[in-house]
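> this one's sequence-less:
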């Protein structure tokens, strides 16, 4: 084990954050720390990092264990280039390299003799140590990490003072990852990353040679590599084995079992009390009565956790617009010599909910700002449809909140005519409860400000919403509220987010931004991933042929390529390759459909068998066996919808291939 929190307790005044928290983390464990907003996740990370003291218990780490901690707060840097700043964490390696260079110069001018022998001996020893510490790959490793986090080659020689807070957080993360501590403590590491960088970081952490504890609201990110989930809730720390999805299932099962045990215990207590009352004054039953009284005194009462607060709110809907919501025609946008778009055509229709994806620096934020009207194109036109109004949300919008106002007053400023009850209900939906609404805006955390800004936007939502990373600084409960609002939203939406769970829940179309153009995928995120994998597997040398600056009309195949005129020899060869490819893909699709159907049938049979066994009265006599059967039943019940979706997807793919 590289760290142990041994019955740690932390309080603030009379408020207990967590009590007797116990967790052990091994050298290759990946632990997600979750819990409601304000439960104490960041506080526990700071205690583990040695930056806060606990009020009870202790933190145990073996000697020489190195802990690296990435905070949420912005970090100031200036005076060195990006690459130099990152490599500064390996100063012991760079100083060793400097000493080696000095020795090389001394050796070159030292005549043969004892002095030269001594220098050569020291030189060999230092070279061995330099190689052991990774000195020969240090710069290439630093470049690889920076590139993975979204930096371009031209950025590496720029001064860190030129970068915004989000990019400085990436530099801080790069320094930490290059340092390779024994234990990584990461507080919301994906907040300032785009989708491509999140995917890279997930892969990097999956293969990281050390322990990891992270706080994150990104469910897909956690599902990608964590093997334990530690939940802080109602002052208790509970550790579950598995990723986030498995944690949810295990927590639900544990709660069901606890409720069943509670009901059984209450029934037993009631029966015992009834016996005591019935025979309290009968001399012949005095011994039995006293025995039951003592038993009641010793019994450890099972306590059910408080029900989680979930608020449902009927969000107002925007005014209905015309069919065409926004159109960009012939748009050009450049930053100095860097041309981002040239002759871009882009149209969105009523009800479209699109997610913009693509590599860092491709122009996603630029496109979103032009759609929102906060950035003018250098050339071309932007045209809004009939009755279209636009709202734009980005993290810097949080600075527009008036710090002198209370939360309630700030919402009231955007909701004239609303009653106090209506305003409180909306704030409750965004997890501002009770006296929280009287807090001053200036004392709110980043996540609380984000929730308040989103609540203001949804008081009277525009018919076209443009959202840039709306879940940054939101916890999972707050993200769920936003997801609920956006799923119910009847207007048109353009979204940039690194949160794949939100994309899957909201987006009906994916727009890939790359190389100055856009590709429309008329389907959800999983369809987009499938098409990308399909093109890669088929060896699409002409993958860019599907790119189109003009989005498809409704119902049109988004990846259809139309070729007109006489067919050349090359075109015939390409068509033959496509036919062969379709045959191979179709053959694979048939196998997938057959395997999916078999897996689904087996799962249904297992489900029915387990359900029949659970109906047998003797099942409940052996508690251990009952728990095992309930666990198996819960697992197969949760697997059925996924297997059905996989089978339907395989059938639909076969039908599509048949049409092609």
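Looks like it came in fine. Only a predicted model underlies this, so the values are computations on that prediction, with no experimental measurement involved.
> Could you tell me which ranges of this structure sit under the pLDDT cut-off?
Judged by pLDDT under 70, the chain has its weakly predicted residues at 74, 132-133, 307-314, 396-397, 539-588, 614-624, 626-627, 654-655, 657-660.
> can you pull the buried residues of stretch 365-382?
365-372, 377, 380, 382 (16 or more other Cβ atoms under 10 Å). C-beta here means a position set from N, CA and C on the backbone, and glycine is covered the same way.
> scratch that, stretch 72-88 is what I was asking about
So for stretch 72-88, counting by 16+ other Cβ under 10 Å, buried means 72, 77, 82-83, 85-87.
> and those residues, which of them are in helices?
Of the buried residues of stretch 72-88, the ones assigned to helices by DSSP state H are 82-83, 85-87.
> which residues in the stretch 451-600 of the chain form strands?
Assigned by DSSP state E, counting those that start in this stretch, the strands in the stretch 451-600 of the chain fall at 464-468, 492-496, 509-514, 517-521.
> mind putting those in a markdown table, distance to residue 173 and mean neighbour count included?
Shown next, in a markdown table, are the strands of the stretch 451-600 of the chain (distance: least, Cβ to Cβ, whole Å; neighbours: other Cβ atoms under 10 Å):
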| stretch | distance to residue 173 | mean neighbour count |
| --- | --- | --- |
| strand 464-468 | 20 | 24 |
| strand 492-496 | 20 | 24 |
| strand 509-514 | 24 | 22 |
| strand 517-521 | 29 | 23 |
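> Which one, of the ones you listed, ends up nearest to residue 434?
With Cβ to Cβ, the closest approach to residue 434 among the strands of the stretch 451-600 of the chain belongs to strand 464-468: 28.4 Å.
> mind listing what the closest one pairs with, with the direction of each?
Within its sheet, and counting by DSSP bridges, strand 464-468 is paired with strand 390-393 (parallel), strand 492-496 (parallel).
> follow-up on the earlier one: and of the ones in helices among the buried residues of stretch 72-88, the nearest to residue 158?
Checking those against residue 158 by Cβ to Cβ gives residue 82 as the nearest, at 6.0 Å.
> Around residue 443, how many other residues sit close by?
Using other Cβ atoms under 10 Å, residue 443 has 9 neighbouring residues.
> what's the spacing between it and residue 435?
13 Å (Cβ to Cβ, to the nearest Å).
> Centre-most residue in the protein?
Central residue of the chain (Cα atoms, centre = their mean): residue 218, 1.7 Å from the mean position.
> Need phi/psi at it.
Backbone torsions of residue 218, given as degrees, to the nearest 10, read phi -90, psi 100.
> Would you confirm that it contacts residue 497?
No: applying Cβ atoms under 8 Å as the test, residue 218 and residue 497 come out as separate, 9.6 Å apart.
> end to end, how far does stretch 373-384 reach?
Length of stretch 373-384, first residue to last, Cα to Cα, to the nearest Å: 10 Å.
> ugh, wrong one, stretch 520-529
End-to-end distance for stretch 520-529, by Cα to Cα: 13 Å.
> What is the nearest of the buried residues of stretch 365-382 to residue 535?
residue 367 (22.4 Å).
> Please identify which helix or strand holds the closest one.
Element membership for residue 367 (DSSP states H and E) is helix 364-372.
> now residue 46
Assigned by DSSP H and E, residue 46 belongs to helix 41-48.
> mind listing the helices for the stretch 451-600 of the chain?
For the stretch 451-600 of the chain, the helices defined by DSSP state H, counting those that start in this stretch cover 476-488, 500-506, 525-537, 569-614.
> I'd like these laid out as JSON lines, including distance to residue 22 and mean neighbour count.
Output for the helices of the stretch 451-600 of the chain, formatted as JSON lines (distance: least, Cβ to Cβ, whole Å; neighbours: other Cβ under 10 Å):
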{"stretch": "helix 476-488", "distance to residue 22": "23", "mean neighbour count": "19"}
{"stretch": "helix 500-506", "distance to residue 22": "30", "mean neighbour count": "21"}
{"stretch": "helix 525-537", "distance to residue 22": "38", "mean neighbour count": "15"}
{"stretch": "helix 569-614", "distance to residue 22": "33", "mean neighbour count": "14"}
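> how much space between residue 536 and residue 294?
The gap separating residue 536 from residue 294 is 71 Å, by Cβ to Cβ.
> was I right about residue 204 contacting residue 147?
No: between residue 204 and residue 147 there is no contact under Cβ under 8 Å: 11.5 Å.
> From the structure, what's the count of residues near residue 12?
Considering only other Cβ under 10 Å, residue 12 is surrounded by 10 other residues.
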